[in-house]
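Novice: quick one, what's the 3D model for this:
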Amino acid sequence: MFLKVQLPWNVIISAASLQPASLMLQRAILIRLVSDFATKKATKDLGYYLAVTTLESIGEGKVRQHTGDVLFPVVFNAITFKILKGEILEGVVHKVLKHGVFMRCGPIENVYLSNLKMPDYHYVPGENPCFMNGKMSKIGKDVVVCFVVIGTKWMEAERDFQALVSLEGDYLGPISSSDI
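Specialist: Below you'll find the model as predicted:
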């Protein structure tokens, strides 16, 4: 799910970057904000940071004693992506194993679909392993799959989410190959 959030943030501008013109200062603050935002990657509560949309306010700068840098409190709007239990999403298969497949869904790299959660599908080994059902529907590398999220886990050290998904439900399963 995409979320629109408003966040307070502290932006630190080095003394060397400070210019007397206010537009140059705003530009330096915005560049540093976007850089810091991209570096943070994700949080457990808000999900993955995708984009800064608007800068709402820049507070009064405070000089840091030891470095001479200036800290500016800012408030901005942003778009985030958080995967939620019960949500129906699409992912692209990037790894096929005997016991299931791993998919990518937006910024999430580890979306796992177990063979136990693929009703009527069976593993077909070979050079290009895949899962296939009686209707010749195939789940293999680069196939887009519609799924329902049954659980998520936040990995603090990696600042990343993992998800467990299922095809148990109506209108779920492979959609197409991503190279179409």
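Novice: residues touching residue 11, list them.
Specialist: By Cβ atoms under 8 Å, 6 or more residues apart in numbering, the contact list for residue 11 reads 29, 32, 33, 36, 71, 72, 73, 74. For every residue, glycine as well, the C-beta is placed using N, CA and C.
Novice: closest one of those residues to residue 142?
Specialist: Minimum distance to residue 142 across the contacts of residue 11 is 34.4 Å, recorded for residue 36 (Cβ to Cβ).
Novice: on that earlier part again, list the ones among the contacts of residue 11 that fall in strands.
Specialist: Counted as lying in strands by DSSP state E, out of these, are 71, 72, 73, 74.
Novice: just the buried ones out of the residues you listed, please.
Specialist: Listed as buried from those are 72, 74; burial here means 16 or more other Cβ atoms under 10 Å.
Novice: including distance to residue 97 and pLDDT, could the ones in strands among the contacts of residue 11 go into CSV?
Specialist: Listed next are these as CSV, based on distance: Cβ to Cβ, whole Å; pLDDT from 0 to 100:
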residue, distance to residue 97, pLDDT
71, 48, 93
72, 48, 93
73, 48, 96
74, 45, 95
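Novice: mind pulling up the pLDDT for the spatially most central residue of the chain?
Specialist: Centroid-nearest residue in the chain, with Cα atoms, centre = their mean: residue 107, separated by 3.2 Å. For residue 107, the model assigns a pLDDT of 93.
Novice: what ranges does the protein have for its helices?
Specialist: In the chain, the segments counted as helices under DSSP state H are 22-40.
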